[in-house]
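> Next one to model:
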Amino acid sequence: MRCPSCGSEIADGLDVCPACHANLSATRVMPKLRGTWCPSCGALVPVGEPTCPKCGMPVSATPRTKASDELDRRIAEERRLERERTSTLPRIESAVPSEPDPRVEGVYGRERLPHTKVFALAAIASLLVVGGAALVITHPWDPTLTDTRATTPADTSQAGFPGTVDKLVGQDSGNTDASTVVSADEATFSSLTSSYEALADLSSRADELESRLDEAGVSGSAEERAAGEQDAKQLALDVSNEASTIAGIDVQTTGTYTDQKANVATLASWLRNRVEAIYSAWQLSAQSSDPASDREKILSPMSGNRESDGSESYVNLFKKNYEAWKPEQR
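Numbering: from 1, shown residues only. Below is the predicted model:
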């Protein structure tokens, strides 16, 4: 047999061509045809044909015999059987759809384009996605879900505001005045200024009590000395309360007025030490049965505030630094 791939003459029954290694397992061995070869074109001329069926040239004729007729009959029978075997092969349908016939009108215009249903479904899906996202963002069933305005009480006392605020003033009104909003620094400065001015009033009261001590404290009646003691006690309480107020002023939030708070607190400390000495002197005066003879004892607590040069006395320290340490807004 001949290899259908390279045309080499090979033995019958081989599955692989020894020349080109082609797969011959699906190759059918065809029976050899009998006849003569045309001397002009080389085509196979059936037995008994005087001329070549391909080129029409005459070929040498061989006398017909009974054996040759039998051979021709057998060859024809083999061809018929071969055609029958070939025509009875089962037809195998491909699972891959065939290409559309280009002769059909409009086939190229509709090739690979989605159907109308696909476009409609895509449009509906897009509307559902976009609409769902809009509902999730806007929350029409709960308009206050994304409201960032303060509606719960908040303790803002540490930020310079007094007490607990239940609602921010003007947050829901359209005519909010920005000038009414006080910042933490402004509140701190206001508190420092108020305490600074209060210390001046307390210092004036201390001056008045000290002057009364030099007069009624050592020579006044028991009622005058008892009244002086009560006034000194009240002054000591007022100074102590003011010192506590200064200590509670918040300057840690912003740190802007830390140094000024320290100055005002020092003034309050000096004034408190002075007033405590005055209160102690008035206590001795009220307890004395003869204040004139006990003058030195009554005025002994004031010795620290009445040095000759006054360089270290609480009175002079307060008065020397009061104006210099006045709070300044930043």
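
> C-alpha from now on. contacts and neighbour counts both.
Will do.

> would K326 count as being in a helix?
No - looking at K326 with DSSP: H, G, I helix; E, B strand; the rest coil, it is coil, so not inside a helix.

> what's the longest helix in the protein?
helix 184-219 (DSSP state H).

> Buried ones in the next helix or strand after it, by neighbour count?
Sequence order places helix 222-247 as the next helix or strand after helix 184-219, per DSSP states H and E. Across helix 222-247, burial judged by 16 or more other CA atoms under 10 Å covers 222, 225-226, 228-229, 231-233, 235-236, 238-240, 242-243, 246.

> for helix 222-247, what is the average pLDDT?
What helix 222-247 shows for mean pLDDT is 92.

> picking that back up, buried sites along the longest helix of the chain?
Those would be 184-185, 187-189, 191-193, 195-196, 198-200, 202-203, 205-207, 209-210, 212-213, 216-219, for helix 184-219 by 16+ other CA under 10 Å.

> does S195 really touch N241, like I thought?
No - between S195 and N241 there is no contact under CA atoms under 8 Å: 10.5 Å.

> residues bridging contact with those two, i.e. touching both?
Both S195 and N241 lack any common contact, where contact means CA atoms under 8 Å, 6 or more residues apart in numbering.

> which one of the buried residues of helix 222-247 is nearest L271?
L271 lies nearest to V239 out of these, by CA to CA, at 7.4 Å.

> Distance check, the residue lying closest to that closest one once chain neighbours are set aside against L209.
Closest residue to V239 apart from its sequence neighbours, by CA to CA, 6 or more residues apart in numbering: R272 at 5.9 Å. According to CA to CA, to the nearest Å, R272 and L209 sit 14 Å apart.

> For V315, grab the count of nearby residues.
Applying other CA atoms under 10 Å, we find 21 residues neighbouring V315.

> coming back round to it: looking at the buried residues of helix 222-247, which is nearest L128?
For the buried residues of helix 222-247, the nearest to L128 is I246 (63.1 Å; CA to CA).

> C-alpha coordinates for stretch 279-294, PDB please?
Output in PDB follows, covering the C-alpha atoms of stretch 279-294 (Å, rounded to 0.1, in the frame of the first residue of the first chain):
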ATOM      1  CA  TYR A 279      -7.800  86.600 110.200                       C
ATOM      2  CA  SER A 280      -5.400  85.200 112.800                       C
ATOM      3  CA  ALA A 281      -4.800  88.700 114.200                       C
ATOM      4  CA  TRP A 282      -8.600  89.400 114.400                       C
ATOM      5  CA  GLN A 283      -9.100  86.100 116.200                       C
ATOM      6  CA  LEU A 284      -6.500  87.100 118.900                       C
ATOM      7  CA  SER A 285      -8.200  90.500 119.200                       C
ATOM      8  CA  ALA A 286     -11.600  89.000 119.700                       C
ATOM      9  CA  GLN A 287     -10.300  86.600 122.300                       C
ATOM     10  CA  SER A 288      -8.400  89.200 124.300                       C
ATOM     11  CA  SER A 289     -10.000  90.800 127.300                       C
ATOM     12  CA  ASP A 290      -7.500  93.700 127.300                       C
ATOM     13  CA  PRO A 291      -6.600  94.400 123.600                       C
ATOM     14  CA  ALA A 292      -4.600  97.500 124.500                       C
ATOM     15  CA  SER A 293      -2.100  95.500 126.600                       C
ATOM     16  CA  ASP A 294      -2.100  92.600 124.100                       C
END
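
> Now it: buried residues?
Y279, S280, A281, W282, Q283, L284, S285, A286, S288, P291.

> could I get those as CSV with distance to T116, pLDDT and secondary structure?
Shown next, in CSV, are the buried residues of stretch 279-294 (distance: CA to CA, whole Å; pLDDT from 0 to 100; DSSP: H, G, I helix; E, B strand; the rest coil):
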residue, distance to T116, pLDDT, secondary structure
Y279, 101, 91, helix
S280, 104, 91, helix
A281, 107, 89, helix
W282, 106, 91, helix
Q283, 106, 91, helix
L284, 110, 91, helix
S285, 111, 89, helix
A286, 110, 90, helix
S288, 115, 89, coil
P291, 117, 86, coil
